[in-house]
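Q: Sequence below, structure please.
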Amino acid sequence: MATMATTQTQGQVPAPPAAEGQAPSSVSAAGLIADPAPLGLAAFGMTTLMLSAVNAGWIGAAATSAVLAMAVAFGGTTQLLAGMWAFRRGNTFAATAFSAFGAFWISFWLLLTQFVPAVVKDGGAGEASQIVGLYLFAWGLFTAYMLVASLAGARAVQLVFALLTLTFFALCIGEWGGSETWHHIGGYLGIATAVAAIYASFADVTNASFKRRILPT
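A: Okay, the predicted model is just below:
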């Protein structure tokens, strides 16, 4: 027969009756899963820092292959995992943001390793530039409406999305206009975005570890 927990710790919500054949549970599912936000922010921030250093002209474009490796392993895969954990915790904003930007990094890897080389080889360098610009513009739109949604949350996250929106649109202008200057502007904005994301990750994990507010977010 169905059973129900008869005791509970102070402040804990009593468990609902368990279905027949199932063990009772007195802990919510979200309580069993650590907050994935610090991990997702770190994955995004560190990968963005590497790519933006190239876009800003600090490192030559030949280093992009190293960025792509980071994009697949950390920026892409880790953020997708963080997004799935955020879904499990019931955090719609974090789930959408991390899942989407995890997919962004994987699609970016595919774009640069599969699509662009094939189009350029066929003599379509102009078309490649136009579609990459549209790709950046589309991600700018997504980031812009996520910025609006972030206004309900932490200031540190708002800053990340504000800077990232500017980054995408600056890179888009650079791609469509063939402007190295705008690419460099996008690179510097991306570096600022990365710093903001890494700080937000640092603040979140520090506050969680000390179980009190140590750093502002």
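
Q: so what's Ala200 up against?
A: Neighbour list for Ala200: 37, 41, 45, 154, 156-157, 159-160, 217 [criterion: CB atoms under 8 Å, 6 or more residues apart in numbering]. For glycine as for every other residue, the C-beta is placed from the backbone atoms N, C-alpha and C.

Q: Counting by contacts, list what the helix or strand of the chain with the lowest mean pLDDT packs against.
A: The helix or strand of the chain with the poorest confidence is helix 116-121; it has a mean of 74 (mean pLDDT, DSSP states H and E). Packed against helix 116-121, as judged by 3 or more CB pairs under 8 Å, 6 or more residues apart in numbering; DSSP states H and E, are the following elements: helix 125-150.

Q: Which parts of the helix or strand hosting Pro38 count as buried, going by neighbours?
A: Assigned by DSSP states H and E, Pro38 belongs to helix 37-55. Neighbour counts over helix 37-55 (16 or more other CB atoms under 10 Å) mark 37-55 as buried.

Q: Check the burial of Ser65 by counting its neighbours.
A: 10 (other CB atoms under 10 Å).

Q: ok, now which ones touch it?
A: Taking CB under 8 Å, 6+ apart, one finds nothing in contact with Ser65.

Q: Now the longest helix seen in the chain: average pLDDT?
A: Counting by DSSP state H, the longest helix found in the chain is helix 180-210. Mean pLDDT, helix 180-210: 96.

Q: Leaving out the residues flanking it, which one is nearest to Ala71?
A: Leaving out its chain neighbours, the residue that sits closest to Ala71 by CB to CB, 6 or more residues apart in numbering is Trp105, at 4.1 Å.

Q: residues in contact with the strand or helix carrying that neighbour?
A: Element membership for Trp105 (DSSP H and E) is helix 92-110. Helix 92-110 has contacts (CB under 8 Å, 6+ apart) with 36-37, 40, 43-44, 47, 68, 71-72, 75-84, 86-87, 139, 142, 146, 149-150, 152-153.

Q: Between helix 37-55 and it, find me the angle.
A: Between helix 92-110 and helix 37-55, the angle formed by their directions is 40 degrees, by axes from the mean of the first three to the mean of the last three CA atoms, to 10 degrees.

Q: Next, the buried residues of helix 92-110.
A: So for helix 92-110, counting by 16+ other CB under 10 Å, buried means 94-102, 104-106, 108-109.

Q: Between the residues you listed, which sits nearest Gly177?
A: Using CB to CB, Phe108 comes nearest to Gly177 of these, at 20.4 Å.

Q: Quick check: the closest one vs Ser209, distance?
A: 32 Å (CB to CB, to the nearest Å).

Q: Check Val116 too.
A: Plainly put, Val116 is 42 Å away from Ser209 if you go by CB to CB.

Q: same thing with Tyr188?
A: 32 Å.

Q: neighbour-wise, which of these two wins?
A: Shown here are Tyr188 and Ser209; by other CB under 10 Å, Tyr188 has more neighbours (17 against 10).
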